[in-house]
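Just a sequence and a predicted model for now, questions to come.
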Amino acid sequence: MRASEYSAHASRQIFWVAFAATLLLKIVIAAGFPFTGDEAFFYQWGVLPAWGYSDHPPMVGWLIALLRQISDHPLVLRSATLLVTSLIALGVVDLLRRFLPEDREASAWFAGAVYLAMPWSWMFVLVTTDTPLVFFMALSAWCYLRADTSERGTGWYALAGLFLGLAFLSKYFAALLGFAYAAHCFGWRCERRWAPFLIFVPTLPAITLNVAFNATHGWSNVMFNVFNRNEGTSWSFETFGLYLVMVLYLLTPWLLWRGARARAVPGTSPATARTLAVLWLFPLVVFALLSTRRIIGLHWVLGFVPLFVLWVGLRLDARALRSALNWTMALSVPHLMVVAAIVWAPPSWWQPVRTNDRAVFLHETPAIVAALQKDLPTGATLMGRTYHPAAMLAFHHKQYVPVFGVGRHHARQDDQIIDFRVYDGRPIRIFLFDEPDPEEFAPYFGRISVKRFEVDGVAFFAVDGEGFRYQPFRDTVLTEVAREFHDIPRWLPLLGNPFCERYGFAACSPGRS
């Protein structure tokens with residue numbers, strides 16, 4: 001490649017082509033990809049706005065509540081997500097142009113293009129808790145880096161704290177970025193040991209809001225994130241090894257290898273390179289420690305990838321970054337093929353697959369809802385057995401669909417808002433993927449029958465229960481829910497718990513002895 005092709009002008013053109021192409025690709029995927037169970041679950045948060053929800057802080061619910069004022073079409077609901085990684089790429093370019101010498105501007109544009117070409121950048125289209133989390137984390141980090149390279153930076157530090165608080169109201173993982181700030185200031189920026197305290201002050205309203213919600217709602221966010229989802233975990237080198245492979249895959253071997261071998265580009269500040277190294281390495285080390293006990297989700301790490309790309313952009317020249325862009329685009333090809341198969345492949349492609357019924361359900365939820373609504377007994381309530389299908393049915397049914405049964409530690413919004421006492425004596429239709437055992441449902445109804453129906457050649461089932469019996473359900477299913485998911489530690493002050501108070505479980509209600 002000629003030297004002119006590494007110029008600022010040529011690299012700028014490559015960046016804007018990547019920017020436009022990936023944004024268009026995200027729009028196409030968002031318009032065609034079926035609405036997923038997680039998205040449908042969070043959509044219900046937007047339908048019923050509140051100051052807190054079951055698993056996570058409320059930011060995504062508030063976002064969806066705003067977007068659905070325009071439309072509840074998936075493309076509209078996903079519209080904010082489509083912009084997140086594109087805006088972050090602009091932030092990557094902006095910061096590197098500030099940090100690099102003027103004659104190295106091409107590296108800034110190439111680094112931004114590399115970030116855009118990463119599969120997890122252009123595949124970032126679903127509206128979940130990660131949408132506001134990644135966005136506000138990026139804004140906070142951008143402000144922190146501006147503060148770190150400013151003479152005083154007090155205003156930038158305050159803004160970093162404000163956006164960190166908003167990220168915290170999206171997902172608890174945002175706290176790791178705050179801990180990274182503290183580690184950097186106390187360990188490598190001793191003259192600014194005051195900065196973490198200044199950052200912490202603007203986060204207080206968000207923290208206070210979340211603590212107040214938790215204290216009055218059975219500590220639902222804390223129980224999920226700290227206790228219930230980690231119950232039964234143990235030391236495991238297997239999960240640690242999986243984490244290392246995931247990090248290698250997420251950050252790509254070529255960027256990790258070249259970034260580790262290279263030295264900082266001449267003319268850049270060693271202090272800035274050190275700052276970036278701390279901000280992305282500290283959280284990944286924490287995740288590595290956690291991975292010795294549990295599986296770390298790939299999406300947990302996504303918010304720190306831009307900081308890694310910034311660090312690489314300070315260490316590699318334009319030629320190396322251009323080469324890395326080629327490798328990253330090659331990595332995206334198989335991912336694009338998989339996404340295209342999910343979105344556009346005919347149903348016959350999935351017939352040999354063991355999860356064919358799930359694939360049909362994902363694509364044909366409206367038809368399944370129509371079948372379930374057909375001959376629905378007067379006054380009957382549609383329910384699911386787990387939160388994923390229940391949420392997807394609710395999205396197309398245009399009514400909330402509760403979970404009938406114990407469920408899992410995930411997505412326990414029913415505990416906050418559903419009162420099974422109101423269904424006493426009423427009919428309930430319960431959707432299932434597999435043929436049910438009538439005896440499993442018999443204790444809770446006066447009479448039951450099983451309905452079988454097909455969509456695209458795949459059989460689905462529904463249990464019709466007449467005369468729901470609340471008391472046996474409360475004494476078995478709801479009692480198990482209280483025991484499994486509302487065993488709140490005594491050291492947490494309990495000011496309210498809608499689930500336990502509603503059903504009379506004194507052990508997890510305020511004033512417990």
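Right, received. Where do you want to start?

pLDDT-wise, which helix or strand of the chain ranks last?
helix 356-363 (a mean of 90; mean pLDDT, DSSP states H and E).

who's in contact with it?
With contacts defined as Cβ atoms under 8 Å, 6 or more residues apart in numbering, helix 356-363 is touched by 34, 36, 347, 350, 353, 368, 389, 392, 433, 455-456, 458-460. For every residue, glycine as well, the C-beta is placed using N, CA and C.

Which residues belonging to the helix or strand following that helix are considered buried?
Sequence order places helix 365-373 as the next helix or strand after helix 356-363, per DSSP states H and E. Of all the residues in helix 365-373, those buried under the rule 16 or more other Cβ atoms under 10 Å are 365, 368, 369, 371, 372.

Could you do stretch 454-468 as well?
Using 16+ other Cβ under 10 Å as the test for burial, stretch 454-468 gives 455, 456, 458, 460, 462, 463, 464, 465, 468.

State the mean pLDDT of that stretch.
Average pLDDT, stretch 454-468: 95.

what distance separates that stretch from the centre of its chain?
31 Å (Cα atoms, centre = their mean, to the nearest Å).

Surely residue 276 touches residue 310?
Yes - the pair residue 276 / residue 310 is scored as a contact, 5.2 Å apart, by Cβ atoms under 8 Å.

can you list residues touching both of the two?
Going by Cβ under 8 Å, 6+ apart, residues that sit against residue 276 and also against residue 310 are residue 145.

Tell me the helix or strand right after the host helix or strand of residue 76.
Following DSSP H and E, one finds residue 76 within helix 74-77. Next helix or strand after helix 74-77 toward the C-terminus (DSSP H and E): helix 79-99.

Which strands and helices lie in contact with that next one?
Helix 79-99 sits against helix 8-32, helix 59-67, helix 105-117, helix 119-122, helix 130-148, helix 305-315, with contacts defined as 3 or more Cβ pairs under 8 Å, 6 or more residues apart in numbering; DSSP states H and E.

ok, longest helix in the protein?
Secondary structure assigned by DSSP state H gives helix 318-344 as the longest helix of the chain.

next one: that one to chain centre, how far?
With Cα atoms, centre = their mean as the basis, helix 318-344 stands 22 Å off its chain's centre.

between that helix and helix 105-117, how many degrees?
20 degrees (axes from the mean of the first three to the mean of the last three Cα atoms, to 10 degrees).

Report all helices and strands that helix 318-344 contacts.
The contact analysis (3+ Cβ pairs under 8 Å, 6+ apart) places helix 318-344 against helix 8-32, helix 105-117, helix 119-122, helix 253-261, helix 305-315.

just to revisit the earlier point, report the two of the buried residues of stretch 454-468 separated the most.
Distance extremes for the buried residues of stretch 454-468: the farthest pair is 456 and 468 at 31.4 Å, using Cβ to Cβ.

Could you give me the buried positions within stretch 220-234?
Of all the residues in stretch 220-234, those buried under the rule 16+ other Cβ under 10 Å are 220, 221, 222, 223, 224, 225, 228.

okay, the least confident helix or strand of the chain in PDB with CA atoms only?
The C-alpha coordinates for helix 356-363 follow below in PDB (Å, rounded to 0.1, in the frame of the first residue of the first chain):
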ATOM      1  CA  ASN A 356     -36.200 -26.000  16.000                       C
ATOM      2  CA  ASP A 357     -39.200 -25.300  18.100                       C
ATOM      3  CA  ARG A 358     -37.400 -22.300  19.700                       C
ATOM      4  CA  ALA A 359     -36.400 -21.000  16.200                       C
ATOM      5  CA  VAL A 360     -40.000 -21.200  15.000                       C
ATOM      6  CA  PHE A 361     -41.200 -19.500  18.200                       C
ATOM      7  CA  LEU A 362     -38.700 -16.700  17.700                       C
ATOM      8  CA  HIS A 363     -39.900 -16.100  14.100                       C
END
